[in-house]
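Colleague: Please work out how this folds:
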Amino acid sequence: MYAIVEIAGQQFKVEKDQRYFVHQLEGKPGSKVSFDKVLLLDDNGKVSVGAPAVSGVQVTAKIEQHLKGDKVIVFKKKRRKGYKVKNGHRQRLTEISVQTIGKKAAPKKAAAKKTDETPKKEVVAKKTTAKASKPAAAKTAKATTTKKAAPKKTTKKES
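Modeller: Have a look, this model is predicted:
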């Protein structure tokens, strides 16, 4: 069983009991994280593709540690100009291990009862009147009228 999950803006093919390095996530080492954006789920040959995500499926993982990746050197140079710039970068990463791939836990019934007990409010829609639409039409009519250009004067030369 595997799933394709979007984690911190990147897509990963994850399997149970595997470790992955992802962009840094919030949370302390040892805490659990769940990912709801499952794009594809393969359950022993039975493939479910989401549009954009498969509903009712989540992946839970445990944060193992926070660390930094390898250093990447960024070197810029313009020849014959004496311009050289050297910078380095180390990406912050989080190591996670996938615990479960499966269905979401059903919402508790106690929470559903609470929402049913609240009184329902009626929504009153405001009626639109014809008076309100007439000034808008008049404004557009005035904006479309244009001034006529004055005719040009011609002069005759006497010979």
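Colleague: which residues of this structure fall in strands?
Modeller: 2-7, 10-15, 19-23, 32-35, 38-43, 46-49, 57-78, 83-103 (DSSP state E).
Colleague: could those strands be laid out in JSON lines, adding mean neighbour count, distance to residue 151 and mean pLDDT?
Modeller: Placement of C-beta: from N, CA and C, glycine included. Formatted as JSON lines, the strands of the chain follow (neighbours: other C-beta atoms under 10 Å; distance: least, C-beta to C-beta, whole Å; pLDDT from 0 to 100):
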{"stretch": "strand 2-7", "mean neighbour count": "20", "distance to residue 151": "69", "mean pLDDT": "94"}
{"stretch": "strand 10-15", "mean neighbour count": "14", "distance to residue 151": "70", "mean pLDDT": "95"}
{"stretch": "strand 19-23", "mean neighbour count": "15", "distance to residue 151": "72", "mean pLDDT": "96"}
{"stretch": "strand 32-35", "mean neighbour count": "16", "distance to residue 151": "75", "mean pLDDT": "94"}
{"stretch": "strand 38-43", "mean neighbour count": "18", "distance to residue 151": "70", "mean pLDDT": "92"}
{"stretch": "strand 46-49", "mean neighbour count": "11", "distance to residue 151": "71", "mean pLDDT": "90"}
{"stretch": "strand 57-78", "mean neighbour count": "13", "distance to residue 151": "63", "mean pLDDT": "96"}
{"stretch": "strand 83-103", "mean neighbour count": "14", "distance to residue 151": "65", "mean pLDDT": "95"}
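Colleague: nearest to residue 153, of those?
Modeller: Closest to residue 153 of these, according to C-beta to C-beta: strand 57-78, at 63.4 Å.
Colleague: how about the nearest residue to residue 28, chain neighbours excluded?
Modeller: Leaving aside its sequence neighbours, residue 28 sits nearest to residue 63 (C-beta to C-beta, 6 or more residues apart in numbering; 7.0 Å).
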